[in-house]
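Fold the stuff below for me.
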Amino acid sequence: MITRIDSLDKLFSRKELHLAERERFEETAGSHYGLVFGIATVLAGWGWDTYELWRAGSEFFWLKLVLIAATLIPLTTLAGTLVGRIHGANLRRVIVWVVAGGIIGPLSLLVSTEGLSAVIAIFDPAVRGISLYPFSSGVQERIPLVATFGALTGMVVTALQALTARWTWESSSSDNRLTRRGWVLLWLCAPFAIGLGALYDGSLNSQLRAPVQLSYRLIQLMLAMPPDADIQKMNTSTVLDYVGASRWQKHFTPRYVQRISDYDRKTLRTAFVDAEFDNGFVWRCQTIINGYGTKDCVDLVEQYRDWMQQFLKTGIVQCENCMVTIPPPTQIWQTQNATNLSEPREISLVHHAGGVVVVTATLPSSQAECRFVGASPTSIRDCVKR
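Down below sits the predicted model:
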């Protein structure tokens, strides 16, 4: 008995007859898969960080997210595309994602430090030549952890890409395009991307964010508290915050900008935060234990005026609980101009850029300008007469 076959589609599906179309589809789906993985990783690792920095009034709160997105998303998209073009060679697929995963972590640390510093210098010429966020030993020691975790995640992501490629193909449209269901399936990698992003956030972002969050909390508390608040009615944590910031309450205003001016390069556990208010007051606090407390808060305008005056008159700076360094070129400049520097009429902070503050002194016949770099120590550099 002969069975008549009217259509090959009764024995073979349309997709099985079009292997070439399937391979092209997997390439496209692979690039979309890499795109989705990159977006999820960036949002998890830097999206929340950006929101918290914005809420705390941090300057350039958005810049790190933009730089990371511009760096990592093309990398993950490329990895997904390359894997989509590899057919039947599972080891090569694994290698691509393992390498990409291993690179993402160290690259993100570099972009979040030296990359961020370089771009800020483009926006603000006052910080050129100064690395506000150096790729220090405290950052570098995190490389093995983020690279290893990224590589392991890459192995899982490879397997997921194979599954999603098959499932999205089976749910594709008649003209071999991704459907809405296919796009949903691509997001199956999101939990692993979120886990990877959370690791990146914890490895660096959270430690540099905590000092700004603490300063924000203290400022908001003082803005909300009446001057004669009764500490007997406060809980313990509020009392500690209140005692640490109440001295400065009269200087606080609702509008301010915060900047990290310095931090411990080895441990990242201590930092200096500057809050610049619209009334001209600049509040600098040292935060300790990853943003759990403050000490040695100062009026930065008053402090730098005093230091500038001492430096111009004597060539040295003496102070308590602080460290000021004067490099040899600056010492030579002061010595050569000493006769014209002894009686400044007015000293002002004319520009604040995180770890760099430009201080000017109005002299009888000219003006002196210096850059104060860092917080502990503070280095007086690049002095000129105008």
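
low-confidence ranges in the stretch 51-200 of the chain?
89 (pLDDT under 70).

Report how many residues lie close to Ala229.
16 (other C-beta atoms under 10 Å). The C-beta positions use only the backbone N, C-alpha and C, and glycine is treated the same way.

so how far is Pro125 from it?
Using C-beta to C-beta, to the nearest Å, one obtains 43 Å as the distance from Ala229 to Pro125.

Same question for Gly195.
Applying C-beta to C-beta to Gly195 and Pro125 gives a distance of 40 Å.

now Val94
47 Å.

Tell me which of the two has more neighbours.
More crowded of Val94 and Pro125, by other C-beta under 10 Å: Val94, with 17 against 10.

who touches the more buried one in this structure?
When contacts are counted by C-beta atoms under 8 Å, 6 or more residues apart in numbering, Val94 touches 154-155, 158.

Which single one of those residues is nearest to Val282?
Minimum distance to Val282 across the contacts of Val94 is 45.4 Å, recorded for Gly154 (C-beta to C-beta).

and the closest one, what helix or strand is that in?
helix 143-170 (DSSP states H and E).

chain center to that helix: distance?
Remark: helix 143-170 is offset 25 Å from the chain centroid, using C-alpha atoms, centre = their mean, to the nearest Å.

What is that helix packed up against?
helix 19-42, helix 63-85, helix 90-110, helix 180-186, helix 190-200 (3 or more C-beta pairs under 8 Å, 6 or more residues apart in numbering; DSSP states H and E).

could those be laid out in JSON lines, adding distance to Gly150?
Converted to JSON lines, the helices and strands packed on helix 143-170 look like this (distance: least, C-beta to C-beta, whole Å):
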{"stretch": "helix 19-42", "distance to Gly150": "9"}
{"stretch": "helix 63-85", "distance to Gly150": "11"}
{"stretch": "helix 90-110", "distance to Gly150": "4"}
{"stretch": "helix 180-186", "distance to Gly150": "20"}
{"stretch": "helix 190-200", "distance to Gly150": "6"}
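
Quick check: which of those is nearest to Ser215?
Closest among the helices and strands packed on helix 143-170, once you apply C-beta to C-beta, is helix 63-85, at 18.3 Å.

now the closest one and helix 190-200, what's the angle there?
140 degrees (axes from the mean of the first three to the mean of the last three C-alpha atoms, to 10 degrees).

buried residues in helix 63-85?
Of the residues in helix 63-85, 63-65, 67-69, 71-73, 75-85 count as buried by neighbour count, 16 or more other C-beta atoms under 10 Å.

what does stretch 30-38 give?
So, applying 16+ other C-beta under 10 Å, buried residues of stretch 30-38: 30-38.

What's the local residue count around the spatially closest residue to Val156 that is not a sequence neighbour?
Excluding the flanking residues, the one nearest Val156 by C-beta to C-beta, 6 or more residues apart in numbering is Phe192, at 5.6 Å. Applying other C-beta under 10 Å, we find 19 residues neighbouring Phe192.

wait, isn't Phe192 in contact with Val157?
Yes - look at Phe192 against Val157 with C-beta atoms under 8 Å: they come within range, at 6.1 Å.

anything in contact with each of these two?
Joint contacts of Phe192 and Val157 (C-beta under 8 Å, 6+ apart) are Phe37.

a strand runs through Gln286, doesn't it?
Yes - Gln286: assigned to a strand according to DSSP: H, G, I helix; E, B strand; the rest coil.

Who are the contact partners of it?
270-272, 294-297, 375-376.

Can you select the buried ones from those in ChimeraX?
To isolate the buried members of the contacts of Gln286 in ChimeraX, using 16+ other C-beta under 10 Å:
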select :270,271,272,294,297,375,376
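
Could you list which of the contacts of Gln286 belong to strands?
271-272, 294-297 (DSSP state E).

For burial, what's the neighbour tally of Gln309?
17.

was I right about it contacting Glu343?
No - applying C-beta under 8 Å, one finds Gln309 not in contact with Glu343, separated by 9.7 Å.

No more questions from me, cheers.
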